[in-house]
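Colleague: structure for this input, please:
(2 chains)
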Amino acid sequence: NAGVTQTPKFRVLKTGQSMTLLCAQDMNHEYMYWYRQDPGMGLRLIHYSVGEGTTAKGEVPDGYNVSRLKKQNFLLGLESAAPSQTSVYFCASSSSGLIYQETQYFGPGTRLLVL
Amino acid sequence: RKEVEQDPGPFNVPEGATVAFNCTYSNSASQSFFWYRQDCRKEPKLLMSVYSSGNEDGRFTAQLNRASQYISLLIRDSKLSDSATYLCVVYNNNDMRFGAGTRLTVKP
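Modeller: Below you'll find the model as predicted:
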């Protein structure tokens, strides 16, 4: 099993450009999450999904959109990139809600630089 | 005030030492608690969940104090391979909050 994979690993964008980050998991997990990690801030939840076709906002959703058309994939879109979106983006998945102390499995991250 | 606060460290300890990290959280309704480990430029990985009664996994012991709203992680007999950043994670109703992490360096 590959676990959680992310594409691309690294990207440089110019302000105003758009892009989509792809997250894929092969563990048949229901829950998927997108986080960003900035120095001194810890990981912050952007959006999450509790199942195919559903999405919800997290702590910092502004400037991002997501889609979960297939259970195994969770896409994060930046419609008009801004320098403030320079960050490391992590995708994660879990089999059920974390209230049950379920493990989140993280992808290797995507490093995004917006100039 | 941040919802989850950790001492950023760094903690520099010799091999074999015992080291403890604390983490405080502000939401008294928080339901689940975790410690994750993150190596430099890598993804976080679950170290252990934290249960109300406290739990132990080898050299690692986690405690939860709901009354004072903090969780702790104790590492005994530190190894060089324990060098990493330790993230405290607090969960409530699909809202995940991560601490900024405590950096640990174990030296020979």
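Colleague: quick check: mean pLDDT across stretch A:88-98?
Modeller: Across stretch A:88-98, pLDDT averages out at 89.
Colleague: now do stretch B:65-81
Modeller: Mean predicted confidence for stretch B:65-81 is 96.
Colleague: could you do stretch A:33-51 as well?
Modeller: 93.
Colleague: the least confident helix or strand in chain B by mean pLDDT: how far from the chain's middle?
Modeller: Least confident helix or strand of chain B, by mean pLDDT, DSSP states H and E, is strand B:95-98 with a mean of 88. Computed by CA atoms, centre = their mean, to the nearest Å, the separation of strand B:95-98 from the middle of its chain amounts to 14 Å.
Colleague: give the contact list for residue A:90.
Modeller: A:6, A:34-37, A:43, A:106-107, A:109-110, B:43-44 (CB atoms under 8 Å, 6 or more residues apart in numbering or on different chains). C-beta here means a position set from N, CA and C on the backbone, and glycine is covered the same way.
Colleague: and which of the residues you listed is nearest residue B:54?
Modeller: Comparing those against residue B:54 with CB to CB places residue B:44 closest, at 22.3 Å.
Colleague: thinking the closest one is in contact with residue B:38, fair?
Modeller: Yes. In terms of CB atoms under 8 Å, residue B:44 counts as a neighbour of residue B:38; the distance is 4.5 Å.
Colleague: find the residues that touch each one of these two.
Modeller: Common neighbours of residue B:44 and residue B:38 (CB under 8 Å, 6+ apart) are residue B:87.
Colleague: neighbour count winner among these two?
Modeller: residue B:44 (26 against 21; other CB atoms under 10 Å in any protein chain shown).
Colleague: so what's the residue count around the closest residue to residue A:19 other than its chain neighbours?
Modeller: Sequence neighbours aside, residue A:78 is the residue nearest to residue A:19 in space, at 5.5 Å (criterion: CB to CB, 6 or more residues apart in numbering or on different chains). Neighbour count of residue A:78, defined by other CB under 10 Å: 20.
Colleague: got it, and residue B:11?
Modeller: 19.
Colleague: please name the bridge partners of the residue nearest to it when sequence neighbours are not counted.
Modeller: Closest residue in space to residue B:11, ignoring its immediate chain neighbours: residue B:104 at 4.9 Å, by CB to CB, 6+ apart. Judged by DSSP bridges, the bridge partners of residue B:104 are residue B:11, residue B:84.
Colleague: let me see the ranges of the strands in the chain.
Modeller: In the absence of a named chain, this looks at chain A. Using DSSP state E, the strands of chain A run over A:4-7, A:10-13, A:19-25, A:31-38, A:42-51, A:54-57, A:65-67, A:73-78, A:87-94, A:105-106, A:110-114.
Colleague: not quite, go with chain B.
Modeller: Going by DSSP E, chain B shows strands at B:4-6, B:11-14, B:19-25, B:32-38, B:44-50, B:55-57, B:60-65, B:70-75, B:84-92, B:95-98, B:102-107.
Colleague: pipe those strands into TSV and attach distance to residue A:100 per row.
Modeller: Listed next are the strands of chain B as TSV, based on distance: least, CB to CB, whole Å:
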stretch	distance to residue A:100
strand B:4-6	20
strand B:11-14	31
strand B:19-25	19
strand B:32-38	8
strand B:44-50	10
strand B:55-57	15
strand B:60-65	16
strand B:70-75	18
strand B:84-92	10
strand B:95-98	14
strand B:102-107	26
